[in-house]
Each structure stands twice: as structure tokens, then as C-alpha cells.
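Novice: I'd like to go over a predicted model; first the sequence, then the structure.
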Amino acid sequence: MSGDHGHKDSKIDSGSRVNDSHKHKDKHKDKEHKHKDHKKDREREKSKYINSEHKEFSEKKHRDKDKVKHKDGSLERHKDKHKEKEKRKEEKSKSLTFDEKPKKEKENGFASPPHIKTETEDGFYQSPKHEKSLKREHDDDDYEFRPKKIKVENEKKAKKRKQEEEDIKSKKKTKDKKGDDVDGKKRAKKEPEEKWKWWEEERYTDGSKWKFLEHKGPVFAPPYEPLPSNVKFYYDGKYMKLSPQAEEVATFFAKMLDHEYTTKEIFRQNFFKDWRKEMTPEEKSKITDLNKCDFTEMSEYFKAQTEARKQMSKEEKQKIKEENERILQEYGFCVMDNHRERIGNFRIEPPGLFRGRGDHPKMGMLKRRIRPEDIIINCSKDSKHPKPPPGTKWKEIRHDNKVTWLASWTENIQGSIKYIMLNPSSRIKGEKDWQKYETARRLKKCVDRIRAQYRDDWKSKEMRIRQRALCLSYTGLLHLQLALRAGNEKEEGETADTVGCCSLRVEHIKLYPELNGQEFVVEFDFLGKDSIRYYNTIPVEKRVFKNLQLFLENKQPEDDLFDRLNTSILNKHLQELMDGLTAKVFRTYNASITLQQQLKELTCPEDNIPAKILSYNRANRAVAILCNHQRAPPKTFEKSMQNLQSKIDAKKDQLAEARRELKSAKADAKVRKDEKTKKAVETKKKAVQRIEEQLMKLEVQATDREENKQIALGTSKLNYLDPRISVAWCKKWNVTIEKIYNKTQREKFAWAIDMADQDFEF
DNA sequence: TCGGGTACTTAGTAATCCGGAT
DNA sequence: ATCCGGATTACTAAGTACCCGA
């Protein structure tokens, strides 16, 4: 097995997509040039100060992380679209070209996080490419694959690979990692097939994603059930019977009445506009003011329904559960190349009101009901095609094995396409994931080269090269150090105003020649993906600072910071530096390398298991902070902390009591010296120990939770951390994998769990 | 080069599940 | 048996990346 997945399958067969003659024309092109002076009264304030030296996490740092509330409103953007566009065009035409080959000399020292150096020094695994990739070769990298153990497996694999088209059921596996048993039993019934180790098999080299694909199509949202007649809607205080269509849309609003969304003006406007489209002419003429609409009875009705659902008897609940399970078994799986694979989202999104995140101009719009006529089915020709519901037709059936989706439709809010795809545990997702980490590992090997190069180019007399280096230095700064997202352009007025690296505007950074005793400090403050605030201050080299100053010159706050840079230019350039390198690889690389480094640093060999896990979580946390993965502090957070604290207090009392007992038992034993009392002493001693352990466990838990208040670990764990690092760590310290990954995660990372041994190095 | 389109990953939150405490 | 709260799962929005044709 080689990790040397060619990373651009999609490129291989460009243009060969079947049937791309289908245009989806229902795109929303009616963007009235609305004013975008929408107030940025962002609902999110959960921003957090991110320490610039995120690399070194000490526990203290976690505890006294300052929180900076988002006092905002300052980032208003008043743009004249036309002017803006023209300006852009003009600037783009002067755009830089990065046509030169990178130089090779090194001169390190760009404010690089220390760990990176360390990492690059160990040149593990010289083992040169055994098994070259099936796809294009990469200029250099020996993809050190994992040492011996894996090599053995490679042989196994070699044998297997012939069977390719046949049903390959790898007999013999089931080295159950303890704890899997439970799952094992459960699924054994449903899945006679033993766990398939796709990672021991050959990948497609022709750009196809599968040879055979059969599924039953998606599950549609249940049809609308009109309200009982006693649930009434009032307009201007008077009862009014709504037509079914209008009523349905009204219920969407009624269901959200408790949510603060419904108080927002944009939401209300959008909703009302779309609602009116569903009304009969009479309704339309009557209902002209949303403020006069009274949805409370509907709202009450739905609340009662929810309540009733909760109160259902066990049997009823069981029945529902079984029904769901049945649907899952029927529609939740497909057959792809001889294997039954779980589908990720087999249900069509039900109609409702669009809930954008942050300050979204389209919040409240009606998300329409999707019908079979909207659905494109993708499956293989020779499969049993899914049947549309009686009396309906699919929009189209195609057989495109260059893509991974099973069904798709065009959504009416943004006009984008939605897909039904496989679960992360599937081969097709897993391979991609694995490949992603291999690309990041290749970056690790040349990151020093990249850094050295742009530093060198910087000094170049030649303007062109210098400019290229500047672009790169932002890469160095923004991607390597800060792990920012790339920052694609977005259509204004279509989405919330958020930015990433390339789309940063002048108003998003501040330069301080001196701040808190540090020289040349850059402050970042902007809203990123999902309108999560990113705030960070970081000292930079003088040269970088000066260049940034230059960039800010003669610009308005709402101008682009990097006016000649966009993700496409950036990625094109990165591609030249390393095959498969794109902006997002830096995030993956950064996250994984940080985890590995933090684990090394934080894990104490003599710690017990809970303490080790705390260390793991802290390492994970370091990454989450780096990547700015935040969450709203759970509503119940304070209370749950209190509960935990009282548990700890109780435990402490218990411990004191146990100690007293032990003492008296000892005294007793001294006097009496018989077997019985001796035994009693032993028992008491054990009790004390046990309680001490429990106490310590609770305290660790409290620390962990406190530190986690507004940081979400899940996202990085699932998307950025090479699972093999975690697996290796578990093996090294004898921590069972279940402590780190839950069942779903174990399924997703089955490949890593199976293949990584404790020596794995990212 | 630009806009449009497509495919796929990454993201936070809401809903639901489930197990332990009462 | 029920209730509570944390853990898990479901959901779907919001990103990245890259292709294509004019």
C-alpha cells in the first residue's frame, strides 16, 4: 500500500464527465442590487482571544485565556459594486505572474514555530518508494510509507489485488481491538461481511470512482399534513383559514417562533416575501403585514406535539425506532463495487426556512420542497435503477462514474447543487482522507524549502520575483503560522460577509509598531467561515511589517488587502512548489504536526490513563485553537460545572472519612495484632486508594471541561488530525482507542487504526 | 481572465440517544 | 421508572478547489 495516492483524480479525466449538458437554470439571478449596508450586528460573540504563540500550550494559558468580546459594527462595508468591480478588473490586469521556478537555497528563520524545525530534522523512513503510485509520479518524495509491518501487509495486498473485480472478502481479519466486541456483535447480524479492508487494495488509476453502483434512491420528506381545524391562524386579530400551501409555509415560521431568528428584520422580510408567493390571491391581498400575523396557536400546537412525542410509551418509541431502522437498511446503503456501503445523507432535505449563519442576507427565505422531478440519479447502467415514487419521475438518470454522488438536486436559495454521498467510513471517502494526510506529510518534507525560498526571494532586486515572494510570505505567515483558510471570493449579497487569507480587507488588520512590549505586531480581526470571529495578534519580522504597511497605503478600509491575489493564483503557485499543494494543505499539515508535537511534549510516561487522556485532549485543544474551532458555550455549562464541583467536594469528604477510618483501623491493628484487624487495615487502605483515584479522575474531568468551554475538539479530530498519530499514541501508551475515538470515529478511521503502529510519525 | 458551474470537504448546531443518579 | 445531562448523530450551511468556455 502506498500512501502515494495521486492527489488529483479529478484532473485526470477532465472533460470526460458524462452528460454535462445539463444546465440548472433555476439559479437566482435576481440579485437586486440591494444595499449591503446591513448592520453587522453579528449574533456571534463567542470569539476568543487566540494567543499568537499557539504552539506552546501550557495549562495556564488555557485557563487564563482572555476572552475578547466582539464589539463590532465597525466593519461596515460600503461599496459601490460597479466601481468596485471596475477597480478590480483594472488591478487584476496588472496581476503578478509567478512564472519562475522556485529557487532551492535555504535560509531559514522566518518567524517559524520552533516545532517545525524539530520535525523536519528527523528524517525518518528513508525507505524509498516501494510501490510507486499508480498515478503520476511526484518529483521527489519517497513516500515513506510506514515501516516494516506495513510492508508485510503490502505483500498481502499484492496478492489480493488481482481479485479486484471479484468480490473481495478478506477472510481472516477481525483482530478485534478490545471493546469493539460490543459493536462487533451487533453488526455481525446485519453485516455478515467481515470488515472490508479497502486500504489493502489497489485504487483506480483511470479517474473513475467506481465500476458498479446500485442504490434505491433518496428518501423524500413526508408530505405536508394540514393542521387540525382547531389550530387557528389569526390575522389582525381575526381568524383566517389558510390555503394548504400558505399554511405549510406559515407552520415553518411558527415552528421557529422561539428562535431569535424570527426577530430579525431581514429574516422576517425574506420570509414574508416568500410566503406571499405561496398565497392565493385573496390571501395575498388580505395578508400584507407580518406583524399582524398571529402564529401562536400553531406554535403551541407544535410544542404540544413535541411533548406528546416525548411522552410516548416505550413500545411506541420502539416501533418508531424499528421503522427508522428499516428505512435505514433499505435506503441507507448502496452497493459500490461489490461492497455494501453506508450512505451519508440519504434523506432529501425537507422544506423549511433557510437559516443562514451569521449575517446572512437570505435568512428566512423559503427552502422549497424537493420532488423526484428535481432529482438526478447517478448509478451504473447495469444496476437496478432506483424507482421514483409512484406517479413521479426522476429529472434524469445518469451513469457518471467519475463522480462519487448517488443523487443530486439544485437548491433554490443559492442555486447550488446538493448531493447524496457516502458515509465517511466508505472506501471512497476514506481513500481521499488518507490521501489528504499523505499530501500534508509531503508538505512537511518541503516546508523548510518553501520557507527558505520565499525569504530569499524577498531580497531579490527584481520586482517580479519580489512580488511573488511577497505573496509567498503571506503564505508563510498566514498559512504556515496562522493556519488561515484560503479565502475564496464570494458573491456579494449572496452570503454573509466573511473572509479568509486571500480575501482579507484592510479593515481586518491593524499594525502596531509596538504593542505590549513586542515590536511589529499585526492584529487580525475578522469573521471567517460560519461567521466565527478570528482574533489574533502576532509579532512579525520587520520586513513583513513594512510590506504590510505598504499594502495598506492609500487604501480604504473596505479594499482588499491583497488586491492582486486570489486563491486561484495562490494555488497555482503552490502547485509549482509541490505537487498537490493547495492552501488548505497548510491547515492539515499545521494541525497534524501540532498534535504530534504537543503529544510528545505533554504526555508524561508516568501518568495514569486519565491524565494521559487529559494530555491528549490538551494537544487536541491546541489544534482546535490554532484552527479557530469554536463553539457556543453550552447553555448548561455553568450548571454542569457546578455539579461536577459538588461531586468533587463530596468525593473529598468521602476521602477524608476513609482516611479517618483507615487511621483508626491501624490503631486498632496495633493494639490487637490479629488477622482480622490486619485485613481490615488492608481493606481500608484499598478504599482510600480507590477514592483518591476517583477524586483525581473527577478533577481531571473538571479541568478538561473548563478548558473546553468554548472550544470544539470534534472538527479538528475529524478533519485535520492524521488519525495515525492518535492511533500510534494510543498504542505507545497503552490507551485503548475507544478512549480517543467513539464508534463513528473508529469507523471513519478504520484504515488508520488498522495500519498505524506505535512508531508512526506524521 | 473571468464568470459560471460542479464536486467535494469542513463546520457548528439542533435533535436524539443513552446511561447513571435519584 | 424517570429524569438529567453529556455524548453522539443528524443535518445542512459554508467553505475549498478546479474545470470550462468565451
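Specialist: Structure received. Numbers count the residues shown, from 1 in each chain, chains lettered A, B, ... in the order given.
Novice: within the sheet, what are the partner strands of the longest strand along chain A, with directions?
Specialist: Longest strand in chain A, counting residues (DSSP state E): strand A:518-527. In the sheet containing strand A:518-527, its partner strands are strand A:509-515 (antiparallel), strand A:533-539 (antiparallel), by DSSP bridges.
Novice: quick check: buried residues in the last one?
Specialist: Read it as strand A:533-539. A:533, A:534, A:535, A:536, A:537, A:538, A:539 (16 or more other CB atoms under 10 Å). Placement of C-beta: from N, CA and C, glycine included.
Novice: hmm, back to that, just how off-centre is the longest strand of chain A within its chain?
Specialist: 26 Å (CA atoms, centre = their mean, to the nearest Å).
Novice: next one: it, is it in contact with DNA strand B?
Specialist: No. Against DNA strand B, strand A:518-527 shows no contacts by CB under 7 Å from any atom of the strand, the least distance being 11.4 Å.
Novice: send me that strand as CSV with only the CA atoms.
Specialist: Taking C-alpha atoms only, strand A:518-527 is exported to CSV below (Å, rounded to 0.1, in the frame of the first residue of the first chain):
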residue,chain,number,x,y,z
GLN,A,518,6.6,43.5,21.3
GLU,A,519,7.7,45.1,18.1
PHE,A,520,5.9,44.9,14.8
VAL,A,521,2.7,43.4,15.8
VAL,A,522,-0.1,42.6,13.4
GLU,A,523,-3.6,42.3,14.8
PHE,A,524,-6.2,40.2,12.9
ASP,A,525,-9.8,40.6,13.5
PHE,A,526,-12.3,39.3,11.0
LEU,A,527,-15.2,36.9,10.6
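Novice: okay, buried residues for that strand please.
Specialist: Buried residues in strand A:518-527, counted by 16+ other CB under 10 Å: A:520, A:521, A:522, A:524, A:525, A:526, A:527.
Novice: indicate the residue of the stretch 251-400 of chain A located nearest to DNA strand B.
Specialist: residue A:321 (5.7 Å; CB to the nearest atom of the strand).
Novice: contacting residues around that residue?
Specialist: By CB atoms under 8 Å, 6 or more residues apart in numbering, the contact list for residue A:321 is empty.
Novice: tell me which residues of the helix or strand hosting it come out buried.
Specialist: Here residue A:321 sits within helix A:314-331, counting by DSSP states H and E. By 16+ other CB under 10 Å, the buried positions in helix A:314-331 come out as residue A:331.
Novice: what are the pairing partners of the following helix or strand past that helix, and which direction each?
Specialist: Toward the C-terminus, helix A:314-331 is succeeded by strand A:333-336 as the next helix or strand (DSSP H and E). Here strand A:333-336 has these sheet partners by DSSP bridges: strand A:213-214 (antiparallel), strand A:339-342 (antiparallel).
Novice: thinking again about what came up before, distance check, the residue of the stretch 251-400 of chain A closest to DNA strand B against residue A:327.
Specialist: As for residue A:321, its distance to residue A:327 is 11 Å (criterion: CB to CB, to the nearest Å).
Novice: re earlier: ok, and what's touching the longest strand of chain A?
Specialist: A:42, A:75, A:358, A:482, A:496-499, A:504-505, A:508-515, A:533-542, A:544-545, A:548.
Novice: at 7 Å instead, please
Specialist: A:42, A:358, A:497-499, A:504, A:508-513, A:515, A:533-542, A:545, A:548 (CB atoms under 7 Å, 6 or more residues apart in numbering).
Novice: just the buried residues from those residues, in PyMOL please.
Specialist: Listed next is the PyMOL selection for buried residues among the contacts of strand A:518-527, using 16+ other CB under 10 Å:
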select buried, chain A and resi 42+358+497+498+499+504+508+509+511+533+534+535+536+537+538+539+540+541+545+548
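Novice: after the longest helix seen in chain A comes which helix or strand?
Specialist: Secondary structure of chain A per DSSP state H: the longest helix is helix A:637-672. Toward the C-terminus, helix A:637-672 is succeeded by helix A:675-707 as the next helix or strand (DSSP H and E).
Novice: anything in that next one sitting right up against DNA strand B?
Specialist: No. Judged by CB under 7 Å from any atom of the strand, helix A:675-707 makes no contact with DNA strand B; its nearest approach is 10.2 Å.
Novice: name the helices or strands packed onto that helix?
Specialist: Using 3 or more CB pairs under 7 Å, 6 or more residues apart in numbering; DSSP states H and E, the elements in contact with helix A:675-707 are helix A:609-626, helix A:637-672.
Novice: what is the mean pLDDT for it?
Specialist: Here helix A:675-707 scores 86 as its mean pLDDT.
Novice: in that helix, which residues are buried?
Specialist: For helix A:675-707, by 16+ other CB under 10 Å, it's A:677, A:680-681, A:684, A:687-688, A:691, A:695, A:697-701, A:703-704, A:707.
Novice: sweet, I'm off.
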